[in-house]
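Asks: 3D model of this:
(one chain, ligands or ions: 1)
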Amino acid sequence: MGYLVQASQYIAYTLVLYFILSVIYNRYFHPLRDYPGPFLASTTRLPYITAYVQGTGPQFVRALHDRYGNVVRIAPDELSFRDVTAWMEIYGARSSSKPSLLKDMRFYNVSRNGVPNLVVAPTDEIHKRQRRIISRAFSDAALKDQEPLLQSYVDLFLDRLDERAKTTNGRVTNILEWFHFVTFDFMTEYIFGESFSCLQNCEYHPWVRVIIDTIKAWPVISSAKYLPTLAPLIQIIALFFYRDILRRRRESFQLGLSKIRKRLARQESGHYPDFISHVHASKKIRELSLTQEELDSNSSFLVLAGSETLSTSLSGCTYYLLANQDSYTKLTNEIRQSFSSLSEISFAKLAQLPYLDAVINETFRIRPPAPLGMPRCVPSGGSIISGHYIPGGTTVSVPHWASYRSSHHFTDPDEFIPERWLRGGGERFVNDNKDILQPFSVGPRNCLGRSLALAELRLILAKTLWKFDMELCEGSFGWDMKQRAFVAWDNTPLMDGLSSSLGDKGEFLSRRDMQ
Ligand code: HEM
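Replies: Residues are numbered from 1 along each chain as shown. As a prediction, this is how the structure comes out:
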């Protein structure tokens, strides 16, 4: 017994000594010692991790930039850059002699089967091969094929909302859920060849639910990688708090596998070419193929990447429009004056509505779907970023939310003002640094679904605003301030119990009087 007590004392002393020595090293001897940053964040990961786990990472990084300037040390081995030039220097393509900056895998997670999908492809070679195949399913030509499928889901979404509005006498609970239903239904049909029928059943499919729930477990999984000495302890805590989510995640991955295999067993797609038909077509090109395991890990990732980001953007757009009546009136006028029936609304025509795009851009700025910086590792030999020499091994990023909410880049950064994106939008905004806004990132690993995302956002938003009048219920004002941000926003009311979340108290809808 005494031996055990003595042993644990030694372990505790060793850990304390290790901690003190690493603090001294990080502050006075580390290659990043001269970069500005607060003492604690520069010497330990704890402030960063605490903010990340609490869902306040973006605010943490913004506060540090506001205090220390455009380059700040947010953790002992990590710098955050708030400069336009840093976008290309960190994420841009580099010459063949200079390898690109790889992703910091402490932040990212591989899929359940352990096989890297596109977003975590470990080398440029694997990434390039996977991207060439998968990009065929998200090309401009593919977008044309996607339109009728998406239109049919958006029409079902409107019908369902209409029924709901009538049966609840003009009140619908939680519009966010409905955005989840339509975006996940479309994406599961496109990727798996069959939808999970959330709209049909007016409820979440368990697969969709677990994908959304898992978002808040990510920081805890990452913490174990950031703090390897505490990893066993963190894993025990994670198992305790997230046991149910982790179990459901295992099951949902299996369901994803069975869906994709079922689709593969069918040679033909349904009415429209889907993801698998594009992947099959690429097999005709020599040396282009995905292994079965790569296909498995990519398909689940694509559904998440193509749905959660969109429901976040749609709920953000809806909230900011309803909280800013001027913008809401301008946009509904633009849409209702441009189309005399729902069936006229198309991808091509929507791309010509300037105020609609201004609203979408302003929502990306004020509430980017990916709120944090996407961290990259500087290769050995170092790199020049924003005019500074950055030693190899440093993690670097441009933080979306913190950069877009900076008064260094935008006039009245916390105000929702779509006019700043319009040509001739006003003297006030001539100095806005618009190039800093890169919600889809830049370079060879930028978002593959950008065109689909924009088309889908325009279509769902425009059709909804054309058909319905909407108003925000009293309790939903300030919804945006109450959301936690992890790798994505944790904006599901049921999950985090924020009863004042958008729509949770009955957010809108009276049917627009069309007759
Ligand atoms: C508003 C909507 C969206 C936003 C803001 C967004 C944003 C992003 C960002 C910032 C990245 C880079 C991630 C990183 O550097 O680690 C990314 C990657 C990616 N996104 Fe999106 N995304 C959106 C919608 C979509 C859609 C609809 C799809 C379609 C499935 C999609 C598919 C992808 C893929 C496949 C990647 C990985 C690309 C690669 O690594 O080569 N995204 N997205």
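Asks: contacting residues for whichever residue of the stretch 251-400 of the chain sits closest to the ligand?
Replies: Closest to the ligand within the stretch 251-400 of the chain is Gly306: 3.0 Å, counting by C-beta to the nearest ligand atom. Where C-beta positions appear, they are placed from N, C-alpha and C, glycine not excepted. Shown in contact with Gly306 (C-beta atoms under 8 Å, 6 or more residues apart in numbering): 183, 187, 190-191, 449, 452-453.
Asks: Return the member of those nearest to Pro38.
Replies: Lowest distance from Pro38 to the contacts of Gly306 (C-beta to C-beta) belongs to Ala453, with 36.0 Å.
Asks: before we move on, which element is the residue nearest to that closest one when sequence neighbours are not counted in?
Replies: Spatially, and ignoring its direct neighbours in sequence, Ala453 is nearest to Leu310 (6.2 Å; C-beta to C-beta, 6 or more residues apart in numbering). Here Leu310, judged by DSSP states H and E, is contained in helix 292-323.
Asks: buried stuff in whichever helix or strand comes after that helix?
Replies: Next helix or strand after helix 292-323 toward the C-terminus (DSSP H and E): helix 325-338. For helix 325-338, burial by neighbour count (16 or more other C-beta atoms under 10 Å) applies to 327-328, 330-332, 334-335, 338.
Asks: Same question for stretch 361-380.
Replies: 361-378.
Asks: quick check: mean pLDDT across it?
Replies: Predicted confidence along stretch 361-380 averages 97 (mean pLDDT).
Asks: re earlier: and which of the contacts of Gly306 is nearest to the ligand?
Replies: Of these, the one sitting nearest to the ligand (C-beta to the nearest ligand atom) turns out to be Gly449, at 2.0 Å.
Asks: thought that closest one was touching Ser139?
Replies: No: taking contacts as C-beta atoms under 8 Å, Gly449 lies outside contact range of Ser139: 11.0 Å.
Asks: Neighbour count for these two, which is higher?
Replies: Gly449 (21 against 14; other C-beta atoms under 10 Å).
Asks: Let me see the contact set for the more buried one.
Replies: With C-beta under 8 Å, 6+ apart, Gly449 has these contacts: 138, 305-306.
Asks: between those, which is nearest Ser386?
Replies: Taking C-beta to C-beta as the measure, Ser386 sits nearest to Ala305 out of these, at 28.6 Å.
Asks: which residue sits closest to the closest one, ignoring its sequence neighbours?
Replies: Going by C-beta to C-beta, 6+ apart, Ala305 has Gly449 as its nearest residue, at 6.4 Å.
Asks: From Thr183, how far out is the one you found?
Replies: 11 Å (C-beta to C-beta, to the nearest Å).
Asks: what do you get for Asp145?
Replies: Separation of Asp145 from Thr183 (C-beta to C-beta): 18 Å.
Asks: same thing with Trp401?
Replies: From Trp401 across to Thr183, the span is 21 Å (C-beta to C-beta).
Asks: Of the two, give the one with the bigger neighbour count.
Replies: More crowded of Trp401 and Thr183, by other C-beta under 10 Å: Thr183, with 29 against 22.
Asks: Any chance of JSON lines for the buried residues of helix 325-338, columns pLDDT?
Replies: What follows is the buried residues of helix 325-338, written out as JSON lines (pLDDT from 0 to 100):
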{"residue": "Ser327", "pLDDT": "98"}
{"residue": "Tyr328", "pLDDT": "95"}
{"residue": "Lys330", "pLDDT": "98"}
{"residue": "Leu331", "pLDDT": "98"}
{"residue": "Thr332", "pLDDT": "96"}
{"residue": "Glu334", "pLDDT": "98"}
{"residue": "Ile335", "pLDDT": "98"}
{"residue": "Ser338", "pLDDT": "98"}
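Asks: so how far is Thr411 from Val430?
Replies: For Val430 relative to Thr411 (C-beta to C-beta), the value is 9 Å.
Asks: Contact partners for Leu461?
Replies: Applying C-beta under 8 Å, 6+ apart to Leu461 gives the contacts 314, 317-318, 356, 359-360.
Asks: again, only this time at 7 Å
Replies: By C-beta atoms under 7 Å, 6 or more residues apart in numbering, the contact set of Leu461 is 314, 317, 356.
Asks: can you give me the angle the helix or strand where Lys463 lies makes with helix 292-323?
Replies: Taking DSSP H and E as the criterion, Lys463 maps to helix 450-467. Relative orientation of helix 450-467 and helix 292-323, computed by axes from the mean of the first three to the mean of the last three C-alpha atoms, to 10 degrees: 40 degrees.
Asks: buried stuff in helix 450-467?
Replies: Applying 16+ other C-beta under 10 Å to helix 450-467 flags 451-467 as buried.
Asks: One more: stretch 348-361?
Replies: Neighbour-count burial for stretch 348-361, counted by 16+ other C-beta under 10 Å, picks out 350, 353, 355-361.
Asks: What of stretch 145-157?
Replies: 145-147, 149-151, 153-154, 156-157.
Asks: Contacts for it, please.
Replies: 178, 181-182, 185-186, 189-190, 199, 272-273, 347, 452, 456, 459-460, 463.
Asks: ditto for stretch 394-405
Replies: Contacts of stretch 394-405 (C-beta under 7 Å, 6+ apart): 32, 58, 61-62, 65, 77-82, 86-87, 90, 104, 365-366, 368, 370-378, 385, 390, 409, 413-414, 436-437, 439, 485.
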